[in-house]
Structure formats: C-alpha cells, structure tokens
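> here's my sequence, what's the structure:
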Amino acid sequence: MMHWMRKHSKIIMWGIVIIIVPSFIAWGGYRRGRGRGRGDEQVNRSVVATVGGVPITREQYVNRLGDEVRRRTQYNQKAALEDLVADGTAEKILDGMIDAALINIEVNKMRPPLSRQYLVDRLKDDPSFKDESGKFSATLWNDWVTADRRQDWNAIYASVADQVSREILIKEVTAPARVLDQEVKDAFETSRTTYKVKFITVDPKITPTDEQIKAQYDEDPTKYQTPEKRYVEYVGFSLVPPRPAVLDEIVSKARGGGDFAALAGQYSDMPKAKENGGEVGWFTAEKTKAEFMKVTLDMKPGDVSDPVENNGAYYIFKVDQEKPDEKTGEPSKLIRTIMIRPQLSEEERKAVDDKANEFAAKAKESGDFTGTASQLGLTVQTAKELSTETTEIEGIPKEDAMTFISGIGTVPAGEMSEPIESVRHLYVAHRAPGEMAGPVEGYRSDAYFFDLVSKTPPTEETWTKDFPKEEEKLRKQMLAQRQSELLMEYVASLRERATTDGAITRDAVAISDALGLNKAAKGEGEGEGEGEPVAAEAAPGGTVSVQTAPAEGAPAGAAPAGTVSVEPAPAQTPPAEAAAPAEKPAAPPASQ
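This is a model prediction of the structure:
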C-alpha cells in the first residue's frame, strides 16, 4: 500500500488539492498579477493540442514547462528542457493540461445560474477578507475593490462561477467515498505493526550466471518456493442501483404527447433542467460522437428514445427540431434530454454492507474463503498476476480497478480483506500466500532479498493510548485518498471517452517545436513546419492536474479556455463596504 501511495503521490496530491484548495485561487490572480501588462502580445499562437474544440496553445504549454524548470532549479535538480523530455515530464505536463481541459468542459456543462449577489458574497467569504478573529473585514474588502478600477469584473465573476461549478462536480464525483470504522482500525494496526526480517545484501550489484543461480537453487529449493502465479480471489457485491421504474413512465408520457421540457423540469437530475427544459443544443452527425448519444442519429423530430445507460446514469432523448447546419448544410438536430441518476437508498446500501461484512467475518472465522462463499451462494472470481503496476483487471470494471489494487495492497499474503469499497462494487478479497520477497533495489543500486521472520501488532496499551488520538486524523487522510482515487478514475474515464470519440488531438510538429526538437533537427533559422494533428492516446499515468487553464492572453486567474462567458456588457464593480462595525457592514451609496 505504501509503495502504491509513493508511486502515485504526485497524482494523489493533485486530487487532494482539488478537494481542499481555497476558492480564492480562482480569482486571486487578479489581485496578485496586476504587474502583467494588458498590452502583452502573444508572439506565437500555434496550438499543440485541442480538447473538444478547445485549444491548448503553444504559449500555455511553454509556460507550464517553464514553471517546472523553475521549480527544479530551486531544488538543484536537472532543469534543462531536454531533461523534461528525457524523463517524460514534458509529456506528463501536456497530459495534465488535457485532463484540465476535459474537467473544464464538464464544469461548463453543469454550470448553474448564479446571481451577481451570490458571486459577490462568495468573494467576500474568502479568508483574505477576514480579520484575525475570522470575521469579515470591510477595510480589507474596500482596499481590494478600490485598488484597481481597471479590473475586469466580468472575468472575475466568471471565474467565481467556474469555481462554484467545479465544487459541485467534485462533490458529485466523490460522493460515494466512505471510510469504514474497521478500515481505520486496520490502517492504525498496519502503521503500528513492527516487522522482523532477515535480509541478504548484494553490494555492489552483480549479475550471476545461470550456473550460479541453478547451484544456489539446488542447495535448498524450498527457500525459493513461491506460487507459480500470484493471484487474488474475490467476491463482489454490487453497489449499482436497480434500473428505476420511473424511466418507462417518463418515456410513456413523452411518447403520449406530454411536454418533454416540462417532464425534464420535473424528473431530470441535470443542472438547470427546470430552466432550459433539458435542452443540450444542436447536433450534426459529426458532432454526435459520444456513444450513448448516437441513438439520436436515426431519430426524427418528435421521436423519443428508450432510456440509454451511461456511466451510472440513464438518458432519454428527444429530437425537438431539425434544420440544415448554417456552415455545412448537414442535418442538425435540436436535442433535449432527461437524465436520471439512481442511487441506493440508505436501507439498500446498508443491506449490501451487511452482506459483505457477514461474508468477510465468516470467511475469516472458517479460514475457507471459497467454501464460505459457496455456502452463502456467492461467486468467487480470480484476478491473476496482480501488482501495483496493474491498471486493468479482468472481470472488474475499470473505475473499480485502482481502489481494488489499493485495498488489497494492505492485506498480508495468505489473509483476507475487510470489504473494499469501489465505485460500482464492494469487494472481499483473499490474497494467495507467498514467502520470499526480492530483489528490491536500494538507492545506491544495492540489491536486497527479504525474508519475513515475525511481525508484532500494536499492544493493548498502544490501542488504548494512541488510537483515540489518531483515529480522526487517519479517517480524514483515508477519506481524502478515496476522494482522490475517485477523481483520478473520473478523469481517466473522461480521457478514455474523449479519445474514443476523437475529441482529443495533438499536433506533433507544434509539440516538437515547443520542446525545441525541431530546431535541433533543422538548425537555427529555418522555418517552422506545420503538422497534421494526430489522434491522442490515453495517457498511461500523467499527473492529474485539474487547475483552471487560462485562455490565451488572459491574466492569471482568469476563467479557463472554453468557459461560458457572462454578460458582454461591462460588469459593475462590487460595492465597497462601510468601514464601520465589521460584523455587519452596510453598503455605501453606489456613487461612492
């Protein structure tokens, strides 16, 4: 488990940052970044990648690379651009920017209507405008509001609205994250268990001959006995809610002449469905790339689809109108949809938890994983050759794979797990036994072989004295990790769908140019070539960075590229607050 966390620590930290970062990060750049002149011109507007039609410019990419070079320089690490290319960091940075753009697209889809007053109140709630006692300070607020009359308040409000939408998305994605009491106890026990091992050190590192290996093995074959294939047996308990009966009722009403927009307002779980009647826009065949929406390709105006399942939600589509596209002349359809996202009730969820806990307890008590499953009418499945590098497991949904691997990482060989919670299932697993571990390479390229002699769990005194003090801290850390894992799985699913739909493209020549590779190949002074965009492959493990990606030429902290713009008219500066009693400041006249 610790190996997995170390390996993915950068990704986990990005996930945690998404969850706990203060809202002010979205607009704080307007206050701190005033030194950047408004007249700065973009010298090169080439695009290194596009995500759903939203460009990632060469300048944005180069800026991110520069940030990494400066960070490495501070820590006396290799910081040349060629170093970022050689160790794969340059590719991971672009992967992270693509992930950020995908998140921005999803955020814009669910942007709720927010009043100007609400946005101002969110700004005021930032810690920067509070005094030492934590109360709102009219003085700090007024200083900021009046400091620069040239600030683009429309952009600031849009950035606040973006942050609110982002919080809603994160809450929805991480809602299934839970930490059971037993898992907290297991984590404490693992952290306080001491191990006694025997080890052999090979220093300096050597490469033995086949004859030496065979002679060492023949001396005592039992010392090296390990299972032919390391595998895990598991039983899954579904957390997927049953198909809602209301779906058929909605389809029947819609096909019977019911007002689809009114039905969307009544039933749909999509944001703003009451305001827009479920309208999602005009789509040509070229734009209809999402697999679950392709049912609309054969529909005519007035047709209502059967429910279509996608990523845990059900969609009912209606083609409202059809007309030729203004640019291409292709048929373009106005689509409305009703989205129903079912969830297990508290009683249903408790029933699943109870069933999983019952099986785990009985299997541990009997020591017979397969036999206990058979008695309870459960199916045992096998996952073979698993390791911390595994990303896909046969028989387990992709969105469950990461948390499954993480969960079994804490289970000693030969023992059984407590229920492991993933997105679609609870799992109880049994790890096959194995004895010898190694070789493990140390920092100096030493090679170590370990053999476990004994392990000592925490004493009763340690449980009584230290567990109550660490329980809540452990729970928060584990919950943050679960939330981070869910966010990473969500971003991975977005990337996979976007890649399949052809929504991600990369321009290999523009990327090479940004990295200075073209100059190295062609020599200084030669012209820059133009390359055809190539379809992007899903990143295998890039840093998941869900920060706002500023539009080209935008000041730091601006709303991301592709965001929905607010009113085109100039926005009003929020009112200053009276400097008198800070507890409840009164708004001054607008003219002041």
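> how about the longest strand seen in the chain: buried residues?
Secondary structure assigned by DSSP state E gives strand 313-324 as the longest strand of the chain. Buried positions in strand 313-324, judged by neighbour count with 16 or more other CB atoms under 10 Å: 314-320. Placement of C-beta: from N, CA and C, glycine included.
> reformat those residues as TSV; add distance to Ser422 and pLDDT.
Output for the buried residues of strand 313-324, formatted as TSV (distance: CB to CB, whole Å; pLDDT from 0 to 100):
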residue	distance to Ser422	pLDDT
Tyr314	21	92
Tyr315	24	93
Ile316	28	95
Phe317	30	95
Lys318	34	95
Val319	37	94
Asp320	38	92
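> go through those and name the one nearest Ile338.
Proximity of the buried residues of strand 313-324 to Ile338 was ranked by CB to CB; the top entry is Ile316 with 4.5 Å.
> excluding covalently adjacent residues, which one is nearest to the closest one?
Ile338 (4.5 Å; CB to CB, 6 or more residues apart in numbering).
> what's the helix or strand for Tyr234?
Secondary structure from DSSP states H and E places Tyr234 in strand 231-238.
> what lines up beside that strand in the sheet?
Sheet pairing of strand 231-238 (DSSP bridges) gives strand 381-384 (antiparallel), strand 425-431 (antiparallel).
> picking that back up, which strands and helices sit next to the longest strand of the chain?
Judged by 3 or more CB pairs under 8 Å, 6 or more residues apart in numbering; DSSP states H and E, the packing partners of strand 313-324 are helix 246-255, strand 308-310, strand 331-340.
> how about JSON lines for those, with mean pLDDT and distance to Ser46 added?
Supplementary listing: those in JSON lines, determined by pLDDT from 0 to 100; distance: least, CB to CB, whole Å:
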{"stretch": "helix 246-255", "mean pLDDT": "94", "distance to Ser46": "47"}
{"stretch": "strand 308-310", "mean pLDDT": "87", "distance to Ser46": "35"}
{"stretch": "strand 331-340", "mean pLDDT": "92", "distance to Ser46": "31"}
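> among the ones you listed, show me which one is buried the most.
Highest mean neighbour count of the helices and strands packed on strand 313-324: strand 331-340, a mean of 21 (counted as mean count of other CB atoms under 10 Å).
> between that strand and helix 246-255, how big is the angle?
Between strand 331-340 and helix 246-255, the angle comes out at 140 degrees (axes from the mean of the first three to the mean of the last three CA atoms, to 10 degrees).
> let's see strand 331-340 as PDB, backbone CA atoms only.
The C-alpha coordinates for strand 331-340 follow below in PDB (Å, rounded to 0.1, in the frame of the first residue of the first chain):
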ATOM      1  CA  PRO A 331     -28.900  18.000 -40.900                       C
ATOM      2  CA  SER A 332     -28.700  19.500 -37.500                       C
ATOM      3  CA  LYS A 333     -30.900  18.400 -34.700                       C
ATOM      4  CA  LEU A 334     -32.000  20.200 -31.500                       C
ATOM      5  CA  ILE A 335     -31.700  17.600 -28.700                       C
ATOM      6  CA  ARG A 336     -33.400  17.600 -25.400                       C
ATOM      7  CA  THR A 337     -32.600  15.000 -22.700                       C
ATOM      8  CA  ILE A 338     -33.800  13.800 -19.300                       C
ATOM      9  CA  MET A 339     -31.100  12.300 -17.200                       C
ATOM     10  CA  ILE A 340     -31.900  10.100 -14.200                       C
END
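> how far away from the center of its chain is the following helix or strand past it?
With elements assigned by DSSP H and E, the helix or strand that comes after strand 331-340 is helix 346-366. On the basis of CA atoms, centre = their mean, to the nearest Å, helix 346-366 sits 29 Å off its chain's mean C-alpha point.
> could you do stretch 378-396 as well?
The answer for stretch 378-396 is 22 Å, by CA atoms, centre = their mean.
> ok, now stretch 116-130?
27 Å.
> now stretch 242-252
With CA atoms, centre = their mean, you get 31 Å for stretch 242-252.
> ranges for the strands of the stretch 51-200 of the chain?
54-57, 194-202 (DSSP state E, counting those that start in this stretch).
> what's the mean pLDDT across the last one?
Here the mean pLDDT over strand 194-202 is 65, rounded to a whole number.
> the shortest one too?
Model confidence over strand 54-57, given as mean pLDDT, is 92.
> list the strands paired with that strand, with their directions.
Applying DSSP bridges, strand 54-57 is found paired with strand 47-51 (antiparallel).
> just how off-centre is the partner strand within its chain?
With CA atoms, centre = their mean as the basis, strand 47-51 stands 21 Å off its chain's centre.
> next: stretch 271-283.
So, by CA atoms, centre = their mean, the centroid of stretch 271-283 is 26 Å from its chain's centroid.
> who touches it?
110-113, 168, 260-265, 268, 270, 293, 296, 318, 320, 325, 332-339 (CB atoms under 8 Å, 6 or more residues apart in numbering).
> likewise for stretch 233-242?
Contacts to stretch 233-242, defined as CB under 8 Å, 6+ apart, come from residues 176, 312, 342-344, 348-349, 352, 355-356, 359, 369-370, 373, 378-383, 396, 404, 419, 421-430, 432.
> got a ChimeraX select line for the buried ones in these?
Restricted to buried positions by 16+ other CB under 10 Å, the ChimeraX selection for the contacts of stretch 233-242 reads:
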select :176,342,344,349,352,355,356,359,369,373,378,380,381,383,396,404,419,421,422,423,425,426,427,428,429,430,432
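> what residues does the nearest residue to Ser268 once chain neighbours are set aside make contact with?
Nearest non-adjacent residue to Ser268, counting by CB to CB, 6+ apart: Ile338, 4.5 Å away. For Ile338, the contact set (CB under 8 Å, 6+ apart) comprises 250, 254, 260, 263-264, 267-268, 270, 273, 278, 315-316.
> and the two most separated of those residues?
Within these, Ala254 and Met270 form the most distant pair, 15.5 Å apart (CB to CB).
> give me the below-cutoff pLDDT ranges for the stretch 451-592 of the chain.
Across the stretch 451-592 of the chain, the ranges flagged by pLDDT under 70 are 451-453, 518-592.
> and with 80 instead?
Counting by pLDDT under 80, the stretch 451-592 of the chain shows low-confidence ranges at 451-455, 500, 517-592.
> hang on, the earlier thing: CSV for the helices and strands packed on strand 313-324, including distance to Asp507?
Putting the helices and strands packed on strand 313-324 into CSV (distance: least, CB to CB, whole Å) gives the following:
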stretch, distance to Asp507
helix 246-255, 43
strand 308-310, 30
strand 331-340, 28
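> figure out which of these is closest to Ser191.
Between these, strand 308-310 lies closest to Ser191; by CB to CB that is 40.0 Å.
> neighbouring strands - and their directions - for the closest one?
Strand pairing for strand 308-310, determined by DSSP bridges: strand 313-324 (antiparallel).
> what's in contact with stretch 461-471?
By CB under 8 Å, 6+ apart, stretch 461-471 touches 184-185, 188, 192, 458.
> re the thing from before, figure out which of the helices and strands packed on strand 313-324 is closest to Asp83.
strand 308-310 (41.7 Å).
> that closest one: how far from the chain's middle?
21 Å.
> can you give me the angle the longest helix along the chain makes with strand 47-51?
Counting by DSSP state H, the longest helix found in the chain is helix 460-500. Angle, helix 460-500 to strand 47-51, by the same axes, to 10 degrees: 100 degrees.
> so for Leu517, what's the nearest residue that isn't a sequence neighbour?
With CB to CB, 6+ apart as the criterion, Leu517 has its nearest non-adjacent residue at 7.4 Å, and that residue is Val85.
> and if you look at Lys289?
Closest to Lys289 by CB to CB, 6+ apart is Asp501, at 3.7 Å.
> quick revisit: tell me the spacing between the residue nearest to Ile316 and Arg71.
From Ile338 across to Arg71, the span is 47 Å (CB to CB, to the nearest Å).
> same check on Glu286?
41 Å.
> what does Tyr157 give?
31 Å.
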